[in-house]
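Asks: have a look at this fold, sequence not included:
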């Protein structure tokens, strides 16, 4: 008696299930697809529209810049002089920076880079004499350090040293190129390539369960398989690349290896070769079916081109991914029924069926015990303390009653995070082949539904303010070769970052347990803060602008833009769910009197800076001026007016 052939779901049935999955997890699956678009893993008309629009606006500001070969020709430029005089003018106004020096070095012309570096250093010293004397650049060891970084002279010295060591002018440039390539390759290997597996895992877990916690994004990190999966995906990419050289073979093999991300998402212990081999066997006889399924989404692609990609972002891309997930599940079931070699490695049963109540009680007995202990919970604070605690997540006082209530609430948070699992509504990570560390003490201490003390919020305010200042100053150092003290204040802080971070932790405390709602709330709140801060500064300081998004796609009066708000949304999620809890754990370890004195000293310095800056605001080149200029690096033009904005 032959083995009964298992029927694979029709394309119509797969799409019906995919629509049901997307309906039940709409927000988080849309977010999953949106990240794929930003990483360049999925092509979207939305991304193409943004790039096209930005390129058109940037080109309107660009100016002609002479190449190295034109230096002795004496060709007239748009500035009315020779290329050399034009280059000197660009140095004088600050449009030439560190990247230009690196460009010359990478092109094998270190002497040109050295010459440009010296001119940059001299120009910066002259500008510092005319500008803010606090930022002097002509004397002292610290000035030499800053000048060396901003002018690129340190890089020139490094390359020259390598060249002299090997007796050639090309080795230093080669090493610099290799270092740059290594950085890009590491990002691609560890983030871009691996995210395909993460996205596949998110869609797989959404099939059978009503709840999909946002913590599942770091599934590979928690099971300590991130690097292993990255290397496996690298092997898969190499296979695809080699087959692509044969053109026809590349097309065929792209369908043969179609299931690799899903296979690794189910079993991250597999090597790249194992995943590729298993995918090839499972796709045998189903390549045409997969091609037809892809073609069935062409109508959605045409619709996306008419809606500037919005229909793709908010529906068709996650719908398509959910359909491919159903396709994988169907082929997986067929492969296991047919006894295909290697199919036994696909053994994460609970991705496709619910776990029994008995196994859940056994695996999560501690959670059930915690729930039983909640009957005699401590009395919650009343009055002002109660309002601040419930609505804003702020803890005042350190009495035993308050401490007991805080500990009990944190325990409730841990129970709440596992409640859906115990009730069978979320994937039971503890019962899988890869327990995700949920029982580890460090993971228990890392929870985001917490109360922050006043002193902790003060330190977090200054931490985020200083981090924002370092971020913007660093970007100007790298892109422009100029040290710019960003912001209206004179100290090393940008209060809009600190205030924004604290507001996310307090004003949005009530929605913190709903990540999708939190994401859009962060976008709305950051947009309001940034817009009205910009408006206030323009009114108070006679129309001067500290940032300007004019020319950005979907900007509002140059004060906010869609691109920036999306970055704020992602960054805000990192603050709320990762950075702030980790920092708060450190702050709680500081002695109370030391913590108080640190906060008082910082607040006094900040207040003095605010009072002084009301009459003498921080302004000048790179802070409140917006002159359109550009630099050339491999035909890449960018408007400096957009780089002088409040960088994200």
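Replies: Received, thanks. Everything numeric in this text was worked out from a predicted model, so none of it was measured.

Asks: if we ignore the residues flanking it in sequence, what's nearest residue 468?
Replies: residue 497 (2.9 Å; CB to CB, 6 or more residues apart in numbering). For every residue, glycine as well, the C-beta is placed using N, CA and C.

Asks: sorry, wrong one. I was asking about residue 24.
Replies: Using CB to CB, 6+ apart, the nearest residue to residue 24 is residue 210, at 6.4 Å.

Asks: same check, this time on residue 459
Replies: residue 587 is the one closest to residue 459 (CB to CB, 6+ apart), at 5.6 Å.

Asks: buried residues in whichever helix or strand the one you found is part of?
Replies: In this structure, residue 587 is located in helix 580-588 according to DSSP states H and E. For helix 580-588, a neighbour-count test (16 or more other CB atoms under 10 Å) marks 580-581, 583-584, 587 as buried.

Asks: now these as JSON lines including pLDDT and distance to residue 504?
Replies: Below are the buried residues of helix 580-588 laid out as JSON lines (pLDDT from 0 to 100; distance: CB to CB, whole Å):
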{"residue": "580", "pLDDT": "91", "distance to residue 504": "8"}
{"residue": "581", "pLDDT": "88", "distance to residue 504": "13"}
{"residue": "583", "pLDDT": "91", "distance to residue 504": "13"}
{"residue": "584", "pLDDT": "90", "distance to residue 504": "13"}
{"residue": "587", "pLDDT": "92", "distance to residue 504": "17"}
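
Asks: between these, which is closest to residue 570?
Replies: residue 580 (14.9 Å; CB to CB).

Asks: surely residue 305 is in a strand?
Replies: No - Residue 305 is assigned helix when assessed by DSSP: H, G, I helix; E, B strand; the rest coil, not a strand.

Asks: begin at 20 from here
Replies: That works, and once the first residue is 20, the last one we named lands at residue 324.

Asks: let me know how buried it is, in neighbour terms.
Replies: 13 (other CB atoms under 10 Å).

Asks: repeat that for the one 3 residues further on.
Replies: Using other CB under 10 Å, residue 327 has 19 other residues around it.

Asks: SS state for it?
Replies: coil.

Asks: and it, backbone torsions?
Replies: Per-residue torsions, residue 327: phi 60, psi 30 (degrees, to the nearest 10).

Asks: gap between it and residue 338?
Replies: 18 Å (CB to CB, to the nearest Å).

Asks: ditto for residue 42
Replies: For residue 42 relative to residue 338 (CB to CB), the value is 10 Å.

Asks: how about residue 605?
Replies: 43 Å.

Asks: repeat for residue 404
Replies: Distance from residue 404 to residue 338, by CB to CB: 48 Å.

Asks: show me which of these two is the more surrounded one.
Replies: The neighbour comparison of residue 404 against residue 338 (other CB under 10 Å) goes to residue 338, with 21 against 18.

Asks: name the nearest residue to that one, ignoring sequence neighbours.
Replies: Nearest to residue 338 is residue 41, by CB to CB, 6+ apart, at 5.5 Å.

Asks: that neighbour is in contact with residue 48, isn't it?
Replies: Yes - contact status for residue 41 versus residue 48: in contact at 5.8 Å, counting by CB atoms under 8 Å.
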